[in-house]
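Novice: just the structure for this:
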Amino acid sequence: MAGGQERILRRRIKSVQSTKKITRAMELIASSRIVRAMGRISSARPYYEQLSEVVRDLAAGSSLPKSLYIGQGDESKVLGLVVMVADRGLCGGYNSTALRMAERLIRSREAKGQKTRVVVVGRKGEAYFRYREIAVDGSLMHISDRPSYQDARTIADMILGPFEAEEISAVDVISTRFLSAGTQKLERSRLAPIDPAIFASDTKTSYDFEYEPSPEAIIDPLLKQFVESKIFALLLEASASELAAKQRAMAAATENAEELIKSLSRVMNRARQDAITTEIMEIVGGAEALGSSSDWESESQLVEFKSNSPRAS
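Specialist: Numbers count the residues shown, from 1 in each chain. The predicted structure follows:
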């Protein structure tokens, strides 16, 4: 019985050790990819900042031209919502927290009679909303590992088309911002319309720019490009955040595997000690039984000898 239990425990320990190797490898891979993801975020930031600067220059001499892309937006009407999650799991609560936040927003708007049009980035999000019977207007999958600017443009076309057609009044995005390798923040932010305050400049210029064509002609294409660049930046940060979450999850899994191996090893050693103790007790018991049998035979022979000896006269 003890031998069979020991074999079972050995198999379990071997299985956990194999799992530990996998989680450790995934942790190291995620760590190396985070560095590259951070590099891509840094590389994309100047483009986004330069676009902001162009719009500031546009507003420097006078007020911004009127545009559908500039304003506060009315959430009481139809809201467009972009939800950015991963294509795969094994990244802790990265997917679930974002999806629950999106579902709470959608359900609360439904309770008020307000409609939400959803665009999902990531296979996990598409499966989540389909299971909960939440309608999805568009989805983009298999890009979370290495998103491109073309992916950002595709997402923008999905959500900004209805916005330009005035079918939706505002566009929000739920995504995870990458602050550092150890800190990420889930947040809901506005994509369109854009708050004009973000283009305000503290410095006053004494000159005006001349634009060809006119500012009114370039403002909408420029702001659409600005939104595309913001989506791209959010995609890059979401990808880096997923890797950071995966690294932490795999590190925790590796640590748990080590603890489980120690626990199973203690149980196996205890079972082995019990088996050895049982064997020793059986040997001692057998020896005592043999000793008792020998003493009984000796006493019997002595009694028989005395009974057969002649009596003293």
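
Novice: okay, CA-based contacts and neighbour counts for the rest of this
Specialist: Will do.

Novice: touching, Ala192 and Glu166? I think so.
Specialist: No. Counting by Cα atoms under 8 Å, no contact exists between Ala192 and Glu166, whose distance comes to 11.7 Å.

Novice: which one's more surrounded, those two?
Specialist: Ala192 (24 against 12; other Cα atoms under 10 Å).

Novice: output the below-cut-off pLDDT ranges for this structure.
Specialist: 1-3, 59-65, 199-209, 211, 287, 290-313 (pLDDT under 70).

Novice: select the longest helix from it.
Specialist: Secondary structure assigned by DSSP state H gives helix 215-308 as the longest helix of the chain.

Novice: please compute how far that one lies from its chain's middle.
Specialist: Relative to its chain's centre, helix 215-308 lies at 25 Å (Cα atoms, centre = their mean, to the nearest Å).

Novice: now stretch 152-168
Specialist: Taking Cα atoms, centre = their mean, one finds stretch 152-168 lying 28 Å from the centre of the chain it belongs to.

Novice: contacting residues around it?
Specialist: The contact list for stretch 152-168 (Cα atoms under 8 Å, 6 or more residues apart in numbering) reads 68, 77-80, 82, 119, 138, 140, 169-171, 227-229, 231-232, 235.

Novice: again, but for stretch 103-115
Specialist: Defining contact as Cα under 8 Å, 6+ apart, one finds that stretch 103-115 is touched by 76-79, 116.

Novice: try 6 Å this time
Specialist: By Cα atoms under 6 Å, 6 or more residues apart in numbering, the residues outside stretch 103-115 that reach it are Val78.

Novice: what's the following helix or strand after the helix or strand hosting Arg7?
Specialist: For Arg7, the host element (DSSP states H and E) is helix 2-60. Using DSSP H and E, the next helix or strand after helix 2-60 towards the C-terminus is strand 79-84.

Novice: so who does Ala170 touch?
Specialist: For Ala170, the contact set (Cα under 6 Å, 6+ apart) comprises 73, 79, 192.

Novice: ok, it to Glu6 distance?
Specialist: Applying Cα to Cα, to the nearest Å, the value for Ala170 to Glu6 is 64 Å.

Novice: and the gap between Arg248 and Ala152?
Specialist: Going from Arg248 to Ala152 by Cα to Cα gives 27 Å.

Novice: who has more neighbours out of the two?
Specialist: The neighbour comparison of Arg248 against Ala152 (other Cα under 10 Å) goes to Ala152, with 22 against 19.

Novice: any idea how far the more buried one is from Met26?
Specialist: For Ala152, the distance to Met26 (Cα to Cα) stands at 27 Å.

Novice: and for Lys77?
Specialist: 44 Å.

Novice: between the two, who's got more neighbours?
Specialist: Neighbours per residue (other Cα under 10 Å) separate Lys77 from Met26, with Met26 holding more: 19 against 16.

Novice: OK, contacts around the more buried one?
Specialist: Applying Cα under 6 Å, 6+ apart, no residues contact Met26.

Novice: repeat that for 8 Å
Specialist: With Cα under 8 Å, 6+ apart, Met26 has these contacts: 247, 250.
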